[in-house]
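K.L.:
My questions are about this predicted structure, shown below with the sequence.
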Amino acid sequence: MFNFDDANRKSKEAVDTALKTYSETTRGFQAIAAEAADYSKKSFQDAVTHFETLAGVKSFEAAFELQTNYVRAYFEGLVSETTKLGEMYADLAKSAYKPYEAPIAAAVTKATRQAPPATPAAA
């Protein structure tokens, strides 16, 4: 027999879980967007400073060294920032999945217990 109270409770739990997940996901994306904006701003400021310095250089060798150092620092910063954003995305995915982890595991366990054993096909 269908139990309406049980269905109502399960439905409320599902909606609560979805709302919690959406809220956490929104906060995660806001943090990622803020980090990306901060990096972009810093990167732009560094580029402006570099080109101002580069404009005042008197020799080719000094310009080459300055440019080499800038590119090296830029690349290291980019790798670092990309790693940080990748970790933020991974953490976001983990936190989004966490509320569903237990119900999915329970459903899988229940389904495997209820499934009839597979019989080999006749040859």
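P.N.:
Cool, the structure landed.
K.L.:
in this structure, what spans have low per-residue confidence?
P.N.:
For the chain, applying pLDDT under 70 flags the ranges 1, 115, 117-118, 120-123.
K.L.:
Could I get the full set of helices for it?
P.N.:
Applying DSSP state H to the chain gives helices spanning 4-55, 60-114.
K.L.:
tally of neighbours for Thr49?
P.N.:
By other CB atoms under 10 Å, 11 other residues sit near Thr49. For the C-beta atoms, the positions are set from N, CA and C on the backbone; glycine is no exception.
K.L.:
Please read the previous query as pertaining to Tyr100.
P.N.:
Residues within reach of Tyr100, counting by other CB under 10 Å, total 14.
K.L.:
And it, how close does it get to Lys110?
P.N.:
Tyr100 sits 15 Å away from Lys110, taking CB to CB, to the nearest Å as the criterion.
K.L.:
what's the closest residue to Tyr89 other than its chain neighbours in contact with, if anything?
P.N.:
The shortest distance from Tyr89 to any non-neighbouring residue, by CB to CB, 6 or more residues apart in numbering, is to Ile32 (6.8 Å). By CB atoms under 8 Å, 6 or more residues apart in numbering, Ile32 lies in contact with 85, 88-89, 92.
K.L.:
Write the PyMOL selection for whichever of those residues are buried.
P.N.:
Selection of buried members from the contacts of Ile32 for PyMOL, criterion 16 or more other CB atoms under 10 Å:
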select buried, resi 88+92
